[in-house]
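Student: Would you be able to build a 3D model of this:
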Amino acid sequence: MLRDLFYSTRQNLYELFKIGMTGASLDLEGFLKIVGDSSENMVPESDSNLAWSVLPKNRHGKVTFEVFEQTFKSEIPTNSEFETKVIRTVREWLFQSKLSSEMAFDSLCRAAGRFVERSLTRAQFHKAIQTCEVGLTAAQVDTLFANLTDEAGGVL
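Tutor: Sure thing, here's the model as predicted:
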């Protein structure tokens with residue numbers, strides 16, 4: 001969940017790391033700041049503490065950027081194997097939900113609160129995919145959106 005949250009901020013991991021770092025590393029307080037800022041304080045502190053507890057720390061109890069990056073880097077949506085995985089996941093969701101492509105688009109519009117407009121921006125598409133529990137990561141949703149529109153910032 002945090003990986004997708006960090007990805008959705010549209011900042012690279014180093015920019016996020018800088019928000020909370022003390023010196024050259026990250027402590028719990030800084031990590032909580034990163035999560036809080038990225039989620040507009042919507043992630044419960046108990047969840048953030050749990051995530052922090054499993055991160056590998058140095059002998060000072062801090063996390064280096066290398067560990068932070070390795071833990072939270074998102075899948076890079078670049079090759080055809082990745083796109084095949086995304087399409088298979090969507091197809092499985094369609095099959096499990098017993099939806100045609102038109103019915104699925106209607107479901108996504110309703111999930112995003114777009115009952116009349118029948119169009120979705122990138123942010124609305126992310127919300128709809130998450131609400132409908134399609135099973136895609138934020139990076140995968142971006143790839144799908146980019147493949148369905150003329151440009152990544154377009155409207156579906």
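Student: Wait, Val63 touches Val54, no?
Tutor: No - using CB atoms under 8 Å, Val63 is not in contact with Val54, being 10.9 Å away. The C-beta positions use only the backbone N, C-alpha and C, and glycine is treated the same way.
Student: any idea which element the nearest residue to Thr9 once chain neighbours are set aside lies in?
Tutor: Among residues not flanking Thr9 along the chain, Ser38 sits closest, at 5.1 Å (CB to CB, 6 or more residues apart in numbering). Following DSSP states H and E, one finds Ser38 within helix 28-39.
Student: now for that helix, which elements pack on it?
Tutor: In terms of contacts (3 or more CB pairs under 8 Å, 6 or more residues apart in numbering; DSSP states H and E), helix 28-39 is packed against helix 2-8, helix 13-20, strand 21-22, helix 45-54.
Student: could the ones you listed go into JSON lines alongside mean neighbour count?
Tutor: As requested, these are arranged in JSON lines below (neighbours: other CB atoms under 10 Å):
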{"stretch": "helix 2-8", "mean neighbour count": "19"}
{"stretch": "helix 13-20", "mean neighbour count": "18"}
{"stretch": "strand 21-22", "mean neighbour count": "16"}
{"stretch": "helix 45-54", "mean neighbour count": "12"}
